[in-house]
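>>> My questions concern the predicted model and sequence given below.
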Amino acid sequence: MDTPFLPPSPERTLEGWPDWSILIVDDEQGMLNFLVKTLAPRCHFVMSASSAEDGAQWLRGHHVDLVILDISLPGKSGVVWLKELREQGFTGEVILITAFADLDTAIEALRAGASDFILKPFRVPQILNAVKHCYERSRLRRENFVLRRAVVTSTPGRAALVGASTAMQRLRASIARVAPVNSTVLLQGESGTGKELVARELHALGSRAAGPFVPVNCAAVSPELIESELFGHAKGAFSGATRARDGLFHYAQGGTLFLDEIAELPLSIQAALLRAIEDLNIRPVGSEQLVPLNLRIVAATNRQLSEEVAAGRFRKDLYFRLQVVDLTLPPLREHKDDIAELVAHFIAQLAPSLGVEPLTISEPEMDFLRQYDWPGNVRELRNLIERSLILGSLNVSALYPGQTHRLATSSATPTDLHTLEKMHILSVLDSVQGDKTRAAQLLGVSRRTLERRVAEWNSL
């Protein structure tokens with residue numbers, strides 16, 4: 001086994017070239033020297049080996065993105081080893097090279113899983129173009145995965161941070177300061193305050209904006225699968241692992257990994273995450289390989305992590321490691337001056353996508369929205385506007401249970417608000433021919449709440 005030509009040095013990678021680790025396997029020392037001399041100054045890390053067996057020994061303990069592999073090798077041939085690599089779950093790119101090839105050999109190589117096939121002797125531009133094409137193919141594969149996942153999980157694209165209040169101005173200023181720095185960021189705030197929106201803004205304004213943004217809701221993945229989901233796994237790592245699988249860390253390479261609801265991670269995974277952040281590498285489940293990381297981590301939680309640490313549910317060392325930069329998002333009740341602008345923004349955003357006419361919000365209705373406490377924060381307001389656009393009028397009744405008695409300071413009188421509520425509920429009941437179950441669903445309340453409202457009117 002040869003030694004690496006140069007130690008890992010990301011800052012040495014030339015602009016426009018992939019931050020890749022490459023393994024070259026060829027029994028001709030002259031060809032090894034040529035390829036190493038050509039690629040080492042351009043890429044992250046280059047390793048060479050003179051046989052498939054030596055190459056396999058290296059791969060058992062290290063990660064590579066690309067293998068440049070000679071077909072004619074002593075012992076095991078390049079094509080045979082390539083087939084074994086693919087069967088074992090190797091997902092990296094492979095360029096096969098040979099001095100003796102015909103059409104049948106080329107077809108066999110491509111069927112075995114080669115990314116490219118080059119005939120010796122070749123010039124520098126040929127191998128450089130082949131490496132660049134492999135990099136583009138890998139990048140597009142990762143981007144397609146991220147896009148498909150975004151569609152499945154209904155992950156929104158980047159949206160604007162709406163609001164001119166003092167709280168929102170402070171938040172924007174903090175984002176502008178933090179975004180250019182690649183440090184880990186911890187976002188804390190109640191559910192619905194827009195933590196993913198802020199994470200996307202940090203990504204878009206940062207140095208990795210051209211890379212992928214990969215969100216994962218830690219609370220939505222079962223504890224048994226979260227390690228594999230994040231770090232990937234090798235073939236046979238556990239029952240049902242019939243093939244190797246890359247994790248979300250892999251797909252976030254060059255970009256940002258957003259770990260939402262990080263307080264839901266099991267303690268064992270918290271330990272693995274801490275190691276990944278500190279060592280800048282991960283080990284897929286069941287694998288001996290260490291995969292170097294080039295990404296930014298943004299974590300978020302709606303819990304107070306200091307309290308979780310005190311209760312023994314969250315690791316203190318991970319908390320301090322995440323808290324390098326800590327941003328707290330304000331709840332909507334602390335910046336109600338932004339409600340009118342948020343309402344206008346959601347109407348303009350949602351009405352075209354729903355194919356409905358925009359709503360006009362009256363002053364009494366807007367006063368009501370400003371008086372409501374919004375326990376669900378901006379997400380609750382958005383859902384209300386969406387529901388109201390579908391129904392054709394502001395669905396204030398969805399907010400009423402347990403809230404009416406708290407509106408004494410509103411410029412709209414309680415009578416005005418009761419009238420708005422009654423008119424809206426009667427309109428919805430009429431639209432569904434009196435079906436109270438369906439009306440309750442459209443109003444966002446239980447049938448029992450709806451029946452209680454109607455009984456109150458009938459007793460007046």
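Yep, that arrived.

>>> Tally up the residues packed near Val79, please.
Counted with other CB atoms under 10 Å, residues neighbouring Val79 total 21. Where you see a C-beta, it was placed from the backbone N, CA and C, and this is true even at glycine.

>>> Likewise for Val162?
Val162 has 17 neighbours, counted by other CB under 10 Å.

>>> same deal with the one 3 residues further on?
Neighbourhood size, Ser165 [other CB under 10 Å]: 16.

>>> and Val221, what does it touch?
Glu229 (CB atoms under 8 Å, 6 or more residues apart in numbering).

>>> if you set the cut-off to 10 Å instead, what comes out?
Glu227, Ser228, Glu229, Leu230, Leu248, Glu261, Glu264, Leu265, Ile269 (CB atoms under 10 Å, 6 or more residues apart in numbering).

>>> so what's the backbone phi/psi at it?
Dihedral angles phi and psi of Val221 (degrees, to the nearest 10) take the values phi -110, psi 130.

>>> how close does it get to Arg321?
Separation of Val221 from Arg321 (CB to CB, to the nearest Å) stands at 21 Å.

>>> Identify, from the contacts of Val221, the entry nearest to Ala56.
Ala56 has its nearest neighbour among these in Ser228, at 23.7 Å by CB to CB.

>>> Touching, that closest one and Phe238? I think so.
Yes: using CB atoms under 10 Å, Ser228 is in contact with Phe238, at 7.7 Å.

>>> between these two, who's got more neighbours?
Between Ser228 and Phe238, Ser228 has the larger neighbour count (other CB under 10 Å), namely 20 against 13.

>>> Without its sequence neighbours, what residue ends up closest to that one?
Spatial nearest neighbour of Ser228, chain neighbours left out: Val285 (5.2 Å); criterion: CB to CB, 6 or more residues apart in numbering.

>>> just Leu369 next, same as before
Leaving aside its chain neighbours, Leu369 sits nearest to Ile339 (5.4 Å; criterion: CB to CB, 6+ apart).

>>> Run through the residues that contact that neighbour.
Gly163, Ser165, Leu332, Arg333, Met366, Leu369, Arg370, Gln371, Tyr372, Trp374, Val378, Leu381 are the contacts of Ile339 under CB under 10 Å, 6+ apart.

>>> And the residues you listed, which of them are buried?
Buried members of these, counted by 16 or more other CB atoms under 10 Å: Gly163, Ser165, Leu332, Met366, Leu369, Arg370, Gln371, Tyr372, Trp374, Val378, Leu381.

>>> returning to what we had before: distance of the residue nearest to Leu369 from Gly163?
From Ile339 to Gly163 the distance is 9 Å (CB to CB).

>>> What of Phe368?
19 Å.

>>> next one: the helix ranked longest in the chain to chain centre, how far?
Ordering each helix of the chain by length in residues (DSSP state H) puts helix 124-152 first. Using CA atoms, centre = their mean, to the nearest Å, the mean C-alpha position of helix 124-152 is found 18 Å from that of the whole chain.

>>> shared neighbours, Ser228 and Phe238?
Val285, Gly286.

>>> just checking, His335 touches Leu342?
Yes: with contacts counted by CB under 10 Å, His335 reaches Leu342, the gap being 9.5 Å.

>>> joint contacts of these two?
Common neighbours of His335 and Leu342 (CB under 10 Å, 6+ apart) are Gly163, Val378.

>>> Quick check: bridge partners of the residue nearest to Ser228?
Residues in a beta bridge with Val285, per DSSP bridges, are His233.

>>> do you know how far the residue nearest to Leu369 is from Tyr372?
Distance of Ile339 to Tyr372, given as CB to CB: 9 Å.

>>> Just give me the neighbour total for Arg321.
17.

>>> which residues sit in contact with it?
Arg321 neighbours (CB under 10 Å, 6+ apart): Thr184, Leu186, Leu273, Leu274, Ile277, Glu278, Ile297, Ala299, Arg315.

>>> Can you tell me which of these is closest to Asn144?
Ile297 (22.7 Å).

>>> Quick check on the nearest residue to that closest one once chain neighbours are set aside: phi, psi?
Nearest residue to Ile297, sequence neighbours excluded (CB to CB, 6+ apart): Thr184, at 4.8 Å. Per-residue torsions, Thr184: phi -70, psi 140 (degrees, to the nearest 10).

>>> Thr184 and Leu32: what is the separation?
39 Å.

>>> Comparing those two, which residue is more hemmed in?
Legend: neighbour count by other CB under 10 Å for Thr184 and Leu32, higher for Leu32 (20 against 16).

>>> Restricting to C-alpha, output the helix or strand harbouring that one in CSV.
According to DSSP states H and E, Leu32 maps onto helix 29-39. Listed next in CSV are the C-alpha coordinates belonging to helix 29-39 (Å, rounded to 0.1, in the frame of the first residue of the first chain):
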residue,chain,number,x,y,z
GLN,A,29,4.1,3.1,-11.2
GLY,A,30,4.5,5.5,-14.0
MET,A,31,0.7,5.8,-14.4
LEU,A,32,0.2,6.2,-10.7
ASN,A,33,2.8,9.0,-10.6
PHE,A,34,1.2,10.8,-13.5
LEU,A,35,-2.4,10.6,-12.0
VAL,A,36,-1.2,11.6,-8.5
LYS,A,37,0.8,14.6,-9.9
THR,A,38,-2.2,15.7,-12.0
LEU,A,39,-4.9,15.4,-9.3
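
>>> by contact count, what packs against it?
Applying 3 or more CB pairs under 10 Å, 6 or more residues apart in numbering; DSSP states H and E, we find helix 29-39 packed against strand 21-25, strand 45-49, strand 66-70, helix 124-152.

>>> Tabulate the ones you listed (a markdown table), appending mean pLDDT and distance to His203.
Formatted as a markdown table, the helices and strands packed on helix 29-39 follow (pLDDT from 0 to 100; distance: least, CB to CB, whole Å):
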| stretch | mean pLDDT | distance to His203 |
| --- | --- | --- |
| strand 21-25 | 90 | 25 |
| strand 45-49 | 87 | 26 |
| strand 66-70 | 91 | 26 |
| helix 124-152 | 78 | 12 |
